[in-house]
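Asks: attaching a predicted model along with its sequence, questions to come.
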Amino acid sequence: MKHPVHHARVTPDKIAYQMAESKASITFAELDARSNQGAHALRSLGVEAGDHIAFLLENRLEFMEICWAVQRSGVIFTPISRYLKPDEAAYILADCGARVFITSDRYAEVGAQIRSIAGAELNCLMLGGAQEGFDDWNALVDSMPIEPLAEESAGATMLYSSGTTGRPKGILKRNQSDAIDALSPVFLKILGELAAMDADSVYLSPAPLYHSAPLGAAMVAAGLGATTLIMERFDEEKLLQAIESHKVTHTQVVPTMFVRLLKMPEDMRLRYNTSSLVSALHVAAPCPVEIKHRMIDWWGPIILEYYAGTEGNGVTAATTEEWLKHIGSVGRALFGALRILDEEGAELPHGEVGNVYFDTGLKFAYHNDPEKTAEAYTSEGWSTLGDIGWLDEDGFLYLTDRRSYTIISGGVNVYPQETEDLLVGHPAVADVAVFGVPNEELGEEVKAVVRPMDFEAAGPELERELIAYCRAKLSAIKTPKSIDFREELPRTATGKLIKRHLKAEYWPA
C-alpha cells in the first residue's frame with residue numbers, strides 16, 4: 001500500500017514533511033490524524049465527494065495536510081498560485097465552482113480582495129486565526145475526530161495551466177481507481193522506478209507546491225514513505241546547504257534553478273557536499289545543453305529529465321546516460337507513443353519538425369472549454385500540449401519551442417528556444433526571453449530581452465557584444481536584431497517564462 005496511512009502504522013514517528021527553514025515538521029502518524037480531521041472538517045462545511053475547494057497558500061505544512069485530507073474524502077481541489085492578481089484568483093474560484101476557499105494570514109489582504117470579488121456565498125477560512133469574513137481553519141480541524149470518514153474515496157486535482165499563452169484553464173486529473181492509495185502512475189514510475197526513491201529516501205522540494213510537478217512529487221514521496229523537506233522559497237545557496245545538512249537523496253528543480261546555481265561564485269558553489277544525491281530531476285522547460293553538461297560535470301550522472309504537462313496525457317524521460325547519447329533530447333515516451341504531425345495532421349518522418357502529439361489513450365479535458373479541448377485532439381485520439389519538436393531514429397524527442405512562440409520571419413520558421421539557450425550561457429546574462437516583434441518587410445524579426453548579471457552593464461555596448469556572440473554561433477535569421485534590458489523577466493514561480501506579457505508591449509493592439 002502506497003499511502004501515509006500505511007506508514008503511520010509501520011513508522012508512526014518518522015517525519016513525513018519538514019520545513020527547511022523553520023524546522024517545523026509532521027510525522028506520518030500526525031499526518032494521518034490531521035488529514036482525517038481535515039476530511040471531517042470539509043464534510044462539516046457541506047463539502048461532499050465530487051465537490052470542489054480551492055486554496056491560496058505559501059509553502060507550509062498545512063498545505064500538505066489539506067491535500068491529504070482531500071485525497072481521502074473524494075474532494076476535487078485547486079491550489080491557486082500566490083502570484084496571481086486578486087481578479088485572476090477570483091476567476092479561478094468561480095471557474096472551478098469552489099465551495100470553500102482557504103488562505104493564510106500571510107495573504108489576508110489579498111484574500112479579502114479575492115473574497116470581495118468572488119462574492120459572499122463562498123465559504124472562506126484562514127490559517128493563522130479568524131479574520132473578518134474568514135473562519136479559523138485550524139480551530140475547525142482541531143475540533144474534529146481523528147478517525148477516518150465512514151466512506152473514504154480518492155480525491156482529485158484540478159490544477160490550472162500557468163497562463164503563459166492565455167487565460168488559465170482548469171485541467172481535471174483523476175487516478176484510474178477511487179482507492180485512497182491510488183497515487184499518480186506517472187510519478188510512481190518516475191520517482192519510484194526511474195529515480196529509485198523509497199522509504200529510506202530524503203526528498204527536497206524547492207519549488208512552490210501549488211504547481212503540478214512539485215505537488216505530485218511531494219505526495220508520491222510520502223506515499224513511498226520518504227521524508228520530504230520543503231523549502232519555504234528557493235534560494236540557491238540554501239538548497240545546497242539543505243542537501244548537505246539533511247543528506248538529501250532526491251530533488252526536483254527547473255532549468256532556471258540550474259542556471260542560478262551555476263552562476264554562483266565557484267568557491268561558494270563547491271564548498272557544499274552534494275554526494276548524497278541519488279537523483280536530481282528537472283522538468284518544466286527544456287534545459288540548455290551547455291547548462292545540462294555543466295550540471296552533470298558537477299553532480300555526476302544523476303540528472304533525470306522528464307517532459308510532461310499538467311494535462312497528464314503522456315510523459316517522456318531521459319536518464320543522464322540516455323541524454324549523453326541523445327544530447328538535447330527530453331527523452332522517449334514512458335507510456336504509449338509519440339507522433340510528430342504537420343499542420344494538416346499528417347505524420348512526419350524522423351528528423352522533421354512538427355507538432356508533438358501523445359498517442360497514449362490517456363484523456364484530459366479543459367474545464368468549461370470544449371472548443372480548446374477539441375483543438376488538443378486529432379480524430380485518432382492523439383493529444384498535444386502545443387509544443388513543437390522532432391523525433392530521432394531511436395524515438396527520443398527534441399523540443400524546439402511552443403507553437404505559439406514560433407517566429408515567422410520572411411516565411412521562415414524561427415524557434416526562439418535555440419537562441420535563448422545560447423544567450424543564457426553567456427557570463428553576462430542572468431535570464432533571457434526571445435520572441436518575435438513586428439517587421440514591415442519580414443513580418444517578424446527576432447527580439448531578445450535580457451536580464452544582465454550586472455544591470456549597471458546594460459546598454460549599447462553589451463547589446464553589441466551579445467548580438468555578435470549570437471551571430472558567431474547562429475544563422476543571421478536566428479540572431480536578435482536588437483536587445484532590450486530588464487531588471488526582471490516575467491516568470492512564474494516554477495520558472496516558466498510568461499512571454500505573452502513581454503510580447504504585448506511590442507505589438508500594436
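Replies: Nice, I can see it.

Asks: any idea how far residue 195 is from the nearest residue to residue 250 once chain neighbours are set aside?
Replies: Of all residues not flanking residue 250 in the chain, residue 203 sits nearest, at 4.6 Å (C-beta to C-beta, 6 or more residues apart in numbering). All C-beta spots, glycine's among them, are computed from the backbone N, C-alpha and C. Remark: distance between residue 203 and residue 195 (C-beta to C-beta, to the nearest Å) = 9 Å.

Asks: name the residues contacting each of the two.
Replies: Among the neighbours of residue 203, those also in contact with residue 195 (C-beta atoms under 8 Å, 6 or more residues apart in numbering) are residue 250.

Asks: and for the helix or strand where residue 34 lies, what's in contact with it?
Replies: Using DSSP states H and E, residue 34 sits in helix 28-44. Contacting residues not belonging to helix 28-44 are listed as 4-5, 7-8, 11-17, 26, 53, 64-66, 68-73, 75, 100, 137, 140-142, 144-149, 152, 222, 225 [C-beta under 8 Å, 6+ apart].

Asks: filter these down to the buried ones.
Replies: The neighbour-count test (16 or more other C-beta atoms under 10 Å) marks 4-5, 7-8, 11, 15-17, 26, 53, 64-66, 68-73, 75, 100, 137, 140-141, 144, 148-149, 152, 222, 225 as buried among the contacts of helix 28-44.

Asks: can you map out the helices along the stretch 51-200 of the chain?
Replies: 61-71, 86-96, 108-118, 137-142, 185-187 (DSSP state H, counting those that start in this stretch).

Asks: for the stretch 401-509 of the chain, same thing?
Replies: 416-424, 460-471, 499-506.

Asks: so can I have a markdown table of those showing mean pLDDT, mean neighbour count and distance to residue 232?
Replies: A markdown table is the format used below for those (pLDDT from 0 to 100; neighbours: other C-beta atoms under 10 Å; distance: least, C-beta to C-beta, whole Å):
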| stretch | mean pLDDT | mean neighbour count | distance to residue 232 |
| --- | --- | --- | --- |
| helix 416-424 | 89 | 22 | 26 |
| helix 460-471 | 95 | 15 | 34 |
| helix 499-506 | 82 | 15 | 26 |
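
Asks: count of neighbours near residue 189?
Replies: Residue 189 sits with 17 neighbouring residues when counted by other C-beta atoms under 10 Å.

Asks: so it sits right up against residue 334, yeah?
Replies: Yes: with contact defined as C-beta atoms under 8 Å, residue 189 reaches residue 334; the gap is 5.9 Å.

Asks: need the residues touching each of those two.
Replies: residue 315.

Asks: just for the stretch 101-250 of the chain, where's the confidence low?
Replies: Along the stretch 101-250 of the chain, the model assigns pLDDT under 70 to residues 120, 162-167, 174-177.

Asks: tell me where it has strands.
Replies: Ranges of strands in the stretch 101-250 of the chain, per DSSP state E, counting those that start in this stretch, are 123-127, 135-136, 156-160, 170-173, 202-205, 227-230, 250-253.

Asks: if I look at the residue nearest to residue 367 when sequence neighbours are not counted, how far off is residue 161?
Replies: Closest residue to residue 367 apart from its sequence neighbours, by C-beta to C-beta, 6+ apart: residue 170 at 3.3 Å. Distance, residue 170 to residue 161, using C-beta to C-beta: 8 Å.

Asks: repeat that for residue 90.
Replies: Counting by C-beta to C-beta, the separation of residue 90 from residue 161 is 17 Å.

Asks: next: residue 423.
Replies: 26 Å.

Asks: and if you look at residue 57?
Replies: Distance from residue 57 to residue 161, by C-beta to C-beta: 20 Å.

Asks: isn't there a strand covering residue 274?
Replies: No: applying DSSP: H, G, I helix; E, B strand; the rest coil, one finds residue 274 to be coil, outside a strand.

Asks: how about the nearest residue to residue 122, chain neighbours excluded?
Replies: residue 101 (5.3 Å).

Asks: with residue 105 instead?
Replies: residue 128 (3.2 Å).

Asks: now the one you found. Its backbone dihedrals?
Replies: phi 100, psi 10 (degrees, to the nearest 10).

Asks: count the neighbours of it for me.
Replies: 17.

Asks: ok, it - contacts?
Replies: So residue 128 contacts 104, 105, 106, 108, 138 (C-beta under 8 Å, 6+ apart).

Asks: low-scoring stretches of the stretch 301-450 of the chain, by residue?
Replies: Along the stretch 301-450 of the chain, the model assigns pLDDT under 70 to residues 401-404, 410-412.

Asks: try it again with 80
Replies: Counting by pLDDT under 80, the ranges of the stretch 301-450 of the chain that qualify are 401-406, 408-413, 415, 440-443.

Asks: where do the strands sit along it?
Replies: Under DSSP E, counting those that start in this stretch, the stretch 301-450 of the chain gives strands at 303-308, 315-318, 332-333, 337-341, 354-359, 387-391, 397-402, 407-409, 412-414, 429-439, 443-452.

Asks: who does the longest one pair up with?
Replies: Right, strand 429-439. strand 443-452 (antiparallel) (DSSP bridges).

Asks: so what's the gap between the partner strand and the chain middle?
Replies: Counting by C-alpha atoms, centre = their mean, to the nearest Å, strand 443-452 is centred 25 Å from the centre of its parent chain.

Asks: same deal with stretch 76-96?
Replies: Stretch 76-96 sits 16 Å away from the centroid of its parent chain (C-alpha atoms, centre = their mean).

Asks: for it, buried residues please.
Replies: Within stretch 76-96, the residues that qualify as buried are 76-82, 84, 86, 88-93, 95-96, counting by 16+ other C-beta under 10 Å.

Asks: how about the CA coordinates for it, as CSV?
Replies: C-alpha atoms of stretch 76-96 as CSV (Å, rounded to 0.1, in the frame of the first residue of the first chain):
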residue,chain,number,x,y,z
ILE,A,76,-11.6,18.0,-6.0
PHE,A,77,-9.1,20.6,-5.1
THR,A,78,-7.4,23.5,-6.8
PRO,A,79,-4.2,25.1,-5.4
ILE,A,80,-4.0,28.7,-6.7
SER,A,81,-0.8,30.5,-7.5
ARG,A,82,0.0,33.1,-4.8
TYR,A,83,1.5,35.3,-7.6
LEU,A,84,-1.9,35.8,-9.3
LYS,A,85,-3.7,39.1,-9.0
PRO,A,86,-6.9,39.0,-7.0
ASP,A,87,-9.2,39.2,-10.0
GLU,A,88,-7.2,36.3,-11.6
ALA,A,89,-7.6,34.2,-8.5
ALA,A,90,-11.3,35.0,-8.2
TYR,A,91,-11.8,33.9,-11.8
ILE,A,92,-10.3,30.5,-10.9
LEU,A,93,-12.6,30.2,-7.9
ALA,A,94,-15.6,30.9,-10.0
ASP,A,95,-14.5,28.8,-12.9
CYS,A,96,-13.8,25.6,-10.8
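
Asks: what average pLDDT does that stretch get?
Replies: In this model, stretch 76-96 carries a mean pLDDT of 90.

Asks: distance of the nearest residue to residue 35 once chain neighbours are set aside from residue 3?
Replies: Nearest non-adjacent residue to residue 35, counting by C-beta to C-beta, 6+ apart: residue 68, 3.7 Å away. Note on residue 68: its distance to residue 3, by C-beta to C-beta, is 9 Å.

Asks: and if you look at residue 351?
Replies: 45 Å.

Asks: settle it for me: which of these two has more neighbours?
Replies: Neighbours per residue, other C-beta under 10 Å: of residue 351 and residue 3, the larger number sits with residue 3, 22 against 11.

Asks: please consider this matter closed, and thank you.
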